[in-house]
Structure formats: structure tokens, C-alpha cells
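[1] structure of the sequence below:
(one chain, ligands or ions: 1)
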Amino acid sequence: MSDMNRPGSAVGESDHIRTGLSKEQLKQAYIDNLFYLLGRFLEVATPHDSYMAAAYTVRDRMLDRWIKTARTYKASQARTVCYLSAEFLLGPHLAKNLINLGIMEVSREAGAELGLDFEAILEQEEEPGLGNGGLGRLAACYLDSLATLQIPAIGYGIRYEFGIFDQLIEDGWQVEKSDVWLRDGNPWELPRPKLRFPVRFGGHTETFQDDGRVRVRWIPDLVVEGRAYDTPILGYGVSNANLLRLWSAHAPESFDFQAFNTGDYYGAVHAKVEAETISKVLYPNDEPQAGKELRLKQQYFFASCSLQDMIRLQLGAAGTLEGFHEKFVVQLNDTHPAIAVAELMRLLIDEHRMDWEPAWEITRRTFAFTNHTLLPEALETWTVALFGRLLPRLLEIVYEINRRFLDKVRMHFLGDEARIARMSLIDEGHGRRIRMAHLATVGSFAINGVAEMHSELVKSTILKDFHDLWPERFHNVTNGVTPRRFIIVSNPRLARLLTECCGDDGWVRDMDRLRSLEPLADDVGFHEDWRRMKTAAKRDLADWLRRRVGVNVDPETLFDVQVKRIHEYKRQHLNVLHIITLYERLKAEPNRDVAPRTFVFGGKAAPGYLMAKLIIKLINSVAEVINQDPQVNDRLRVVFMPDFNVKNAQHLYPAADLSEQISMAGKEASGTGNMKFAMNGALTIGTLDGANVEIREEVGDENFFLFGHTAEQLQRLQAEGYRPWEICNDRFELRSALDLIASGLFSHGDKELFRPLVENLLYQDPFMVLADYELYLDRQTEVSHAWRDPKHWNRMSILNVARMGKFSSDRSIRDYCERIWRVRPVPAEL
Ligand SMILES: *Cc1c(COP(=O)(O)O)cnc(C)c1O
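    Numbering: from 1, shown residues only. Alright, predicted model coming up:
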């Protein structure tokens, strides 16, 4: 619903019903909103009506802060951080906003007095699934921290009509269902119908003379209009509310009418459909990249709208584009928005008549680039043919950036033609492709990886040549996650305990203060509190799994959890091989003493990633056999939790005892799930990969189950000629586990079903699962032993939580502010 339809008074008046935080004011506002916005009254309101009325009640309070923040920022003339991301995986808003406003408890009481089921209202919210996984979730954590740290910032992205698909499991297989998150309305956003920008596609360019200068005109064959939808993002315990501005694609009205008037009604409708398709659906990642024209359109669309918006703001405030880079710093979240480098050049040169050199000076002082992956298949490139057809003017600009850049490289590395070919923005070797990571790097004053190890690998592998040229531009900013969502909202019992121990809730904004828990790691009384807290979270999860998935699990067992996207590099199949080996051991020796475990999996596979989908089927098939086998099912249970998203994740992280972070070393850039688990007191079994390395450093290696070959060792193994089938010959249990899968035991006798998976492991094993199998099993045996000593286990768990301060996204954002963005807090007053 649009804000223009809202009754009542304007913001800023002393209308306490719209802004007050007392219980009575909240109750009155809720009833008011129910009546005036939804046309309902208490007695007939459905749970969804109640949710909407509650959401509007909270939004009113946020808008008040947002307007005051905007005024403060404007007056301060401070630099604004623009975080450009194709994905924002926000999670449900309501609970988080109640926490950040500091009214969770009073709202709960208000709800009770009105006879409302508060938990049921929270459950109503359909989360905006505008991201695939870690990268989109990181962007959401950063928005929370930016607001909490009072940094002037805008998040820019795409308002996908359909977010990441919902996952159903049918007969053990993943089935995708479209995500219609906007079906029942989105109370958190404000449409800004007047805030719209044209974005061109296709056509051709022409040169013309203008004041004696040669300039270029782009005559497109499609113009799309981007319209802004704003969502306020409130900080924790502060009055600052920042802005998330998402663009929705529409056909410009004039375009529509023109065709209509000439009688081409269907042509007009077609143009409208073509335009609106651009923001229709989020692409699932991990898919073959071939020919995804729409994806390039999406990228250009949101980059262009966002830059036009910044230019509008700059011209409004200063009247000139000189000094643009002093007022805006644009962080590129991976290469998805990298086209912005060329687009800012186009806007400055073609639309604002600047010369190349000053325009380039502004551009390369505006952008900073975060790399998120080293996987070669995930590095974005576009064929010159597609790029030129869709964005002819941008291609010319990319060529010119490249020509000038390569001249510099040539001077710096005289005669090193191989290096020039490697560094070019155009890959001439593979059908002429534009390398988006190179465009982002050349156009940025700072480039960073997302964990120490990853940043080192960026410098020594994919961007090595650029590091040779500009070492000072390379940084590391280790990822973090927000404790507001992943402790307070997800795990209120832990939050209360931490606040009790620290004396106040200061740890929420300064997580290093959790160090004061360390002395309690040996306190018997505290252990009892800790055990109660953990058991309660596990009981909650068990209830939830019973209701949602229909399986019974025992909260007394070790909860061993792997939830994340399903991908071969993350090695869910290594986890499965461990489970099968435990199963075989128990079958061979029924009285064998093993620590009872519940294995929980969750995660989506890209719809076109067949091996990942087969892994899901394998997990479910193994679950079916083991859970029905009375000889073992008192000690082993396997659960696949469908539709892993932020809302479901909140039930899982608090209940885990063991966090599976078992990717092939060198492949996981950082990981953030690893952080969420450890700050909720799970112990990690993990490889030396991504941020695992730093987590282990922080929590202490005696409180972390490390296993596996290092990235260098794996590289050496591969260089020497890796022969996975030979490993099988030496490892009886591994051979046996693979044979069991191949025998059809888990597939009702079908020996073909899992053949591709087994053969892939035996003869290729690109992610070196078999190389790490034995090390993994040995470490898991130690995990089981450690579990037998609850005192020791709890001690480790407490120390994990006490030492996770570094992984608050507040620390990450402070790093960005100090090292890269050079911005300071601008506190807003209410
Ligand atoms: C944190 C999170 C991720 C990322 O998990 P990793 O283990 O770091 O891959 C993915 N999806 C959701 C819903 C998350 O909350």
C-alpha cells in the first residue's frame, strides 16, 4: 500500500499514536492501523491482518526516525556509502525492527493485552528472498551494521518480483516453487512513483559535433524505466534509519502510448512485458552462465538507476558533479554491479558533457570492489557480441577504458605481451569476452577479499597481475554477521544470558565485551545455565522439525548441522559418507558405543545443477533407510530440512552442537554460516578454508575440530596426478560406503540412480572429498569422545561465544569505514 493512502497526521507532529513507544500507544496505534489501513477490527482480524497492522505500527515509528536521519545527513554534508548489490537476503523484518527499536518486550505485552498470539503474528511474515545465500545475506548484515554505526548509507539493488525459489522435497528430490513474496503486499516498502529513471538498451550510437567537440549519442531500441521502492533500515539502539532503495522495471508511459496511438496495441503490450521482465526474477547462482542476456540487463538496469539517483542527489546538493567522489563512495558487491564503472563514465561524458580525463578521475576515485569467489566458473564474463548488441555505447566505453589501461600496463611492464593479454578487460581467447572482475578492478581505488586467506589468494591468483601493478589498492575485510538477527532475534535465551553475564546489553554493539564470559567457562553454576539454554533451543528445534518435517528427533543427542547452499565444493557428500560409515559400523557391531547423533541438513541446489540435486536425493535416501532401521535409529537420525532460508535458519543456528564447515580448502571465500553457528555456541568441525582459519585463531585451536589437507597440499596432490580410486583401495570403510550407495541399498535396489555421483567421486573427485575422508572420520571420532564429557564440551562452547567478537558485522563495517570508505558516524537525534 502506498504511503499516500495513509490517513492521519504528517510525520513530525507530536502525534504519539504514530510515534510513541509505550504499551498504550502501541495498542492504540495497532487498533488504528487495523481499522484505517486494513478495514478490520480486532474480533474479525485474521493472523495476516494482525501482522500487517503490527508491521504498519512499527513502520510509522521507523519513518519518524528515517525522516530525521535524512535531515541530519543532509545538513552534515557527509560522504554517503552506496552499497550496490544484486542481492539482499534480508530475512523477516518485523522481529528485527522490534528489537532495533527496543520494543520487543513491550510489544509482546501489548499483544497479550489485546488477546493476540504474538508468535503467530511473527510467523506470518513472508521473507523477501532477494538473494541466493551468503553474498545476499552479507549485504543484509551490512545494512544493519551501517545503520547501527550511524553511517550515512544507501543500499541499492533490484526489487525482484520473484525472489529465490521455495524448495519442496518430493520423493527425496528438490522441487522448485516460485516465490510470490509480494502476493499479500509488502508493508515495509514505500513506492516512490515519481523517483524514476530511464535505462536504454540496444540500438546504435552516432557521433556528432557539439561546440567543436565530438560527442556520442546512443539511440536505443528499448527504453525501460526504473522506479524506486524504499525500505527503511533502522539501526540498533540508535535513531539512525538508512535507506534500502530497490529498483523495479517498467515501460515508460510515453513509449506505451506512442505504439497504442499508431494502432499497434500488441506491440505496446509487448514492450511493456519486455520492460517488466527485467526485474521479474532473481537468478539462482551456480548455473551455467551461457547466454543469460536477461541477467546482463538486470545488472545494467540497477547500476544505471542507482548512479542516476546519486547524480540527482549530488546536483541537488552541490549543483555540480565536481567532487562527486567526495560525496559518494560506491561499494561493488562482487562483479554483478561492475558495469557501473562504465556507466558512470557514460553519464559523466555523454549526459553531463565532461571530458574523459576528469570523468575517469571521478570514476576511479568513487568505486571500491569486493571479490567473493575464486571459482573459475563463477567469474563473470560476457561475450563482446551480446554486450555490444545490448549496450553498444557501454562497449565503446569499455574499449576506451581498456585501451588507456593497457597503454599504462605496457609502459610499466615493457614488452610483456603475455601479461598484457592476461590483464586486458577483453579475454581474446574464449570467443572474445569481457572480464567483469578486470573492469571492476581497473575502475576501483580499493579491492578487497572477504577473509584473510581469501584476500591472499586473490592477490596471488586471479588478480595477481593487478596486485603487481597496484599493491596499495588491495585490502582484506573479513566478513561478519549481525548479532541483532543471529543472536537476539534467533536465540533470545542466549541473549538474555549474555546480558546477565556482561551486566548490560553493551555487547550487542560491542561484541568484544563477550570476552568477560571467559572466566565463567569453568563455573559449574554457569554451566548449568548454559546447558539449560542450549537444551531449550534444541527442544524448540525438535518441536519445529516434528511440526514442519514430520520427524522425531531427540534433543539429548548431538545435533550435527550442515546448512548452506548445496554445492560439491561445500562437500555435503563428505558428511554423508561419514554417516554411512557410522551406519555400517553399527550394523556390524550393534553394541558399539557411539555418541547418539542427529544429522540435520538444509540448503537449496541451483535448479540446473544436477549433481547438487542428486546430493539432496542421496541425503534423503540415506535418511529414509537409517531412520527406519530400529537397530540404529536410537543412535542415528538424519533430517533434511526443506526450504533453508533466513526465517528457517533462525531456528537452526541456536540449536546446533556441531557446525559442519567442511569445504575443500581454498574454495570457500569466507563463509558466514560458520560465524552464526559459533556465536551461538556450536563447535566447528572444519577445514582450513575461508574465515574458518580466523575463527579457529580467535576461539583457540583446542576449541575447534580442524581436519583435512591444506589448500597447498591439495594443490600438490592434484599436480602429482590425483587418483581417487586408489585411495579407495587402501581405505576399506570408504570403499564399503561407496559400494553401499552403488548397491542400491538407499535407492530401493536401483543401482543406476546414484551412479553419476559415485563415479564422479571415484574417477574425478574435483573437490577432493576422498582425499579428506579419513582425516574427517578421525576427527569426527574425537568429536564423539568430546561429546561424552559435557563439562569439557560446554567449556569449549562458552569459549567459542566469548571469543567471537571479531565476527560481528559491526567490526567488518568499521574496517570498511576506516580503511576504504573514509567515513565517520553521523548520529541522528530523535
Ligand atoms: C548465512 C546464510 C547463508 C550462508 O551460509 P554459508 O554456510 O556461509 O554458506 C546462506 N543462506 C542463508 C539463509 C543464510 O542465513
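
[2] show me where the stretch 501-650 of the chain has strands.
    558-563, 597-602, 636-641 (DSSP state E, counting those that start in this stretch).

[3] and the last one, how far from the chain's centre?
    It stands for strand 636-641. When distances are taken as Cα atoms, centre = their mean, to the nearest Å, strand 636-641 is centred 25 Å away from the chain's centroid.

[4] just stretch 472-480 next, same as before
    Between the centre of stretch 472-480 and the centre of its chain there are 18 Å (Cα atoms, centre = their mean).

[5] stretch 678-691 too?
    Distance of stretch 678-691 from the chain centroid (Cα atoms, centre = their mean) equals 18 Å.

[6] same question for stretch 665-673.
    13 Å.

[7] quickly check: that stretch near the ligand or not.
    Yes - contact of stretch 665-673 with the ligand (Cβ under 6 Å from any ligand atom) involves Gly671, Thr672, Gly673. Glycine gets a C-beta too; all of them are placed from N, C-alpha and C.

[8] you'd agree Gly134 is up against Gly671?
    Yes - using Cβ atoms under 8 Å, Gly134 makes contact with Gly671 at a distance of 6.9 Å.

[9] Leu321: what's it in contact with?
    Leu321 sits next to Ile311, Gln314, Leu315, Leu348, His352, Met354, Ile362 when contact means Cβ atoms under 8 Å, 6 or more residues apart in numbering.

[10] spell out which residues of the stretch 101-250 of the chain are next to the ligand.
    Gly133, Gly134, Arg137.

[11] so which of those are in helices?
    With helices taken from DSSP state H, the overlap with these comprises Gly134, Arg137.

[12] switch the residues of the stretch 101-250 of the chain next to the ligand over to TSV; also include pLDDT.
    TSV is the format used below for those (pLDDT from 0 to 100):
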residue	pLDDT
Gly133	96
Gly134	97
Arg137	98
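
[13] most neighbours of all the residues of the stretch 101-250 of the chain next to the ligand, which one?
    Tallying neighbours with other Cβ atoms under 10 Å puts Arg137 at the head of these, with 27 neighbours.

[14] which residue packs closest to that residue, ignoring adjacent ones?
    Leaving out its chain neighbours, the residue that sits closest to Arg137 by Cβ to Cβ, 6 or more residues apart in numbering is Leu89, at 4.3 Å.

[15] over to Lys791?
    In this structure, Lys791 finds its nearest non-sequential neighbour in His527, 6.6 Å apart by Cβ to Cβ, 6+ apart.

[16] re the thing from before, what is the neighbour count of the residue nearest to Arg137?
    Quick note: Leu89 (other Cβ under 10 Å) scores 26 neighbours.

[17] pLDDT below threshold where in the protein?
    Low-confidence segments of the chain (pLDDT under 70): 1-15, 254-262, 288-291.

[18] for it, give the residue positioned nearest to the ligand.
    Gly673 (2.4 Å; Cβ to the nearest ligand atom).

[19] now that residue. Its backbone dihedrals?
    Gly673 adopts backbone torsions of phi -60, psi -40, taken as degrees, to the nearest 10.

[20] got it, and Val823?
    Main-chain torsions, Val823, degrees, to the nearest 10: phi -130, psi 160.

[21] what residues does the closest residue to Ser460 other than its chain neighbours make contact with?
    Of all residues not flanking Ser460 in the chain, His467 sits nearest, at 7.7 Å (Cβ to Cβ, 6+ apart). Under the criterion of Cβ under 8 Å, 6+ apart, the neighbours of His467 are Val458, Lys459, Ser460, Phe474.

[22] next one: His352
    By Cβ under 8 Å, 6+ apart, the contact list for His352 reads Ile311, Leu321.

[23] at 6 Å instead, please
    Counting by Cβ atoms under 6 Å, 6 or more residues apart in numbering, His352 touches Leu321.

[24] in the lengthiest helix in the chain, what's buried?
    Ranked by residue count and defined by DSSP H, the top helix of the chain is helix 47-76. Buried residues in helix 47-76, counted by 16 or more other Cβ atoms under 10 Å: 49-70, 72-73.

[25] cool, stretch 738-752 as well?
    By 16+ other Cβ under 10 Å, the buried positions in stretch 738-752 come out as Leu738, Leu740, Ile741, Ala742, Leu745, Phe746, Ser747.

[26] can I get those residues in CSV with distance to the ligand and secondary structure?
    Formatted as CSV, the buried residues of stretch 738-752 follow (distance: Cβ to the nearest ligand atom, whole Å; DSSP: H, G, I helix; E, B strand; the rest coil):
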residue, distance to the ligand, secondary structure
Leu738, 26, helix
Leu740, 28, helix
Ile741, 25, helix
Ala742, 29, helix
Leu745, 30, coil
Phe746, 25, coil
Ser747, 28, coil
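
[27] can you add distance to Gln25 and give those back as TSV?
    Converted to TSV, the buried residues of stretch 738-752 look like this (distance: Cβ to Cβ, whole Å):
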residue	distance to Gln25
Leu738	64
Leu740	63
Ile741	61
Ala742	66
Leu745	63
Phe746	58
Ser747	60
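
[28] nice, that's everything, thank you.
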